[in-house]
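K.L.:
Got a sequence here, can you model it:
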Amino acid sequence: MPSTRIHEISDRYVDDAARLDPIMATFIGAGGYDDQLTDFSPDGVRARAENGRAALRAIQAETPTDESDKVARAVFVERVESELAVEAAGLRVADLNVIESPHWHTRAVFDLMPTDTADDWAVIAKRLAAVAPSVADMRTALIYSADRGRVSPVRQVLKVAEQCANWGGRSGSPSFFATLVAGANDVPGVTDALRTDLQAGAVAAATAYGDFAEFLRTEMAPKAPKKDAVGREVYGLMLKYHTGATVDLAELYQWGWEEFARVETEMKQVANRIKPGGTLADAAAVLDAQPQYQLVGKDALRDWMQGLSDAALNELRGKHFNLPDELMNLECRIAPPGSGVGAYYTGPNDGFTRPGRMWWSLEPGREDFVTWRETSTVYHEGVPGHHLQIATSVYQAETLNRYQRLMSGTSGHAEGWALYAERLMRELGYLDDDGDLMGMLDAHLFRAGRVVVDIGMHLELPIPARTGFHEGEHWTPELGLEFMLTRTLTDAAMARDEIDRYLGWPGQAPSYKLGERLWLAARDAARQRNPDSFDLKDFHQRALEMGSMGLDTLQERLI
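P.N.:
Okay, here's the model as predicted:
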């Protein structure tokens, strides 16, 4: 463990941040706060910001003593400055969107809590009792922000209300919390008194979420703007936060169109092999009908995910990546309902007693799945994607401080690597099947589409000539949805969720392709510098062992 002043300040910041944000503490596996929830009131937001400002002042006053210090300081300064800029703009206290805001984290944190023993359930009971006060803090923050003229767009308000009603048991199914505590029934040592506490906590939490849904519909929706676009200033701020990169938006928008056209051209070539003379949709229909790609039931999907993940771990170990034993456990699960549609990853804790996990969130009632669309997604979320990247950082206790290992991640670094990992698996021969290749190319087409749609909708840009799509018109959410439905092979339910996601989480969607672009450029530059001695395995290992950071900082380290 590094022990210079810069590393000490970084480690102390993690301790203080965990105390002020118990939900984050659980997500990173900091420990000691699993019975508490985060204060999302304006005072709580201010306290976390002041902790960041104090640590930033302290670390900026230090002079690096070696290269490790220099990197640690650069990583910390860039990340904390970006976070403070978002808070100073009032965007933290007003935070409300369908994928990354207090209501979502408060529910999702229970997914990461152990449930094996009576002691585990006693901790859950305490955290459940804290849900209603935490939701009250969220309400206070939204009212405070509204009084100052900042309310999330009505789309986000109403969609979040739907999520909260679902989790609160007001959409025709049991509440998430009732389903959660039912899991304690067969655990040895759980007493009647503890069951009573759990049930009371579940009822209180469900009531709080259900009432919050009503609050959003009746009190916040009438105050919410109808316009989804955040404009250039906020968009630029959020893109910098998500990527850690200084970006020319005009160049990125143009490049996004060029990348979309490049991938689309290659995808049509593959589609023509599958269905000669047919469209992309025709080729997809042929693949959907082939039995080898079909799965029935959520258990079958989970087992397929787990089998493909386990195979990748075992086959890549030693040959293409150094994988210590701690990284060999990747757990695949179906996510609780109500969280949108798609796959996501949660990392291991600091001691690897909680494994990295791949989650798949499904639309209600769906039981039929096709694997050709999702093979590259498993590599994206698992190995060599997020699991390899994030767990490798966590494993570097001897060379990285706790901030670098647990808190310095950016979407651009993580999602860029994971998209690069999909491409890498193709290079390694894992996507030679035309169906799986078609799925991988569609994933990349989808991410290139995200660049133009996300920037276009939020900046309300014109659609260029020679794109074959509403040329000359200005982007709207309706056109964004039409584009995803007609120019990619995205499932309709997922496409609708994606548009809601982009509009509530500006600047995050382009981070995939922007990050991949940088990873590829860094690899090419390293190969050109040392054409005779370049070793791809060594390049990957060194890059991942540096930990997560903003893309500008990464570029400085790799190029």
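K.L.:
where does the protein have low pLDDT?
P.N.:
Residue ranges of the chain with pLDDT under 70: 1, 338-340.
K.L.:
And the residue nearest in space to the middle of it, its phi and psi?
P.N.:
Using Cα atoms, centre = their mean, the residue of the chain that lies closest to the mean C-alpha position is Tyr344, 6.3 Å off. Backbone dihedrals for Tyr344, given as degrees, to the nearest 10, come out at phi -150, psi 170.
K.L.:
Look up which residues are beta-bridged to the residue nearest to it when sequence neighbours are not counted.
P.N.:
Distances taken as Cβ to Cβ, 6 or more residues apart in numbering place Trp359 nearest to Tyr344, at 5.3 Å, with adjacent residues excluded. C-beta here means a position set from N, CA and C on the backbone, and glycine is covered the same way. Trp359 has these beta-bridge partners by DSSP bridges: Arg333, Tyr344.
K.L.:
Just to check, Trp359 is in contact with Ala343?
P.N.:
Yes: judged on Cβ atoms under 8 Å, Trp359 makes contact with Ala343 at a distance of 6.7 Å.
K.L.:
I figured Leu459 hits Arg232, correct?
P.N.:
Yes: applying Cβ under 8 Å as the test, Leu459 and Arg232 come out as touching, 5.7 Å apart.
K.L.:
For the stretch 1-150 of the chain, which segments are assigned as helices?
P.N.:
5-20, 22-28, 42-60, 67-88, 102-108, 118-129, 131-147 (DSSP state H, counting those that start in this stretch).
K.L.:
one step back: quick check: neighbours shared by Leu459 and Arg232?
P.N.:
When contacts are counted by Cβ atoms under 8 Å, 6 or more residues apart in numbering, Leu459 and Arg232 have Leu249 as shared neighbours.
K.L.:
Tell me which of these two has more neighbours.
P.N.:
Leu459 (20 against 14; other Cβ atoms under 10 Å).
K.L.:
How about the contacts made by that one?
P.N.:
So, once contact is read as Cβ under 8 Å, 6+ apart, Leu459 ends up touching 229, 231-232, 235, 249, 253, 475.
K.L.:
how close does it sit to Asp228?
P.N.:
Plainly put, Leu459 is 12 Å away from Asp228 if you go by Cβ to Cβ, to the nearest Å.
K.L.:
same deal with Phe534?
P.N.:
Taken as Cβ to Cβ, the span from Phe534 to Asp228 is 45 Å.
K.L.:
More neighbours: which of the two?
P.N.:
Shown here are Phe534 and Asp228; by other Cβ under 10 Å, Asp228 has more neighbours (22 against 13).
K.L.:
Any idea how many residues pack against the spatially closest residue to Asp310 that is not a sequence neighbour?
P.N.:
Excluding its sequence neighbours, the residue lying closest to Asp310 (Cβ to Cβ, 6+ apart) is Leu330, at 7.6 Å. Neighbourhood size, Leu330 [other Cβ under 10 Å]: 25.
K.L.:
close enough to count as contact, Leu330 and Gly382?
P.N.:
Yes: between Leu330 and Gly382 there is a contact under Cβ under 8 Å: 5.4 Å.
K.L.:
Spit out the residues that contact the two alike.
P.N.:
309, 313, 358.
K.L.:
top of these by neighbour count?
P.N.:
Within those, Met358 tops the neighbour count with 26 neighbours, counted by other Cβ under 10 Å.
K.L.:
other SSEs contacting the helix or strand where Gln269 lies?
P.N.:
Assessed by DSSP states H and E, Gln269 sits inside helix 249-274. Using 3 or more Cβ pairs under 8 Å, 6 or more residues apart in numbering; DSSP states H and E as the contact test, the elements touching helix 249-274 are helix 231-243, helix 280-288, helix 434-459, helix 511-529.
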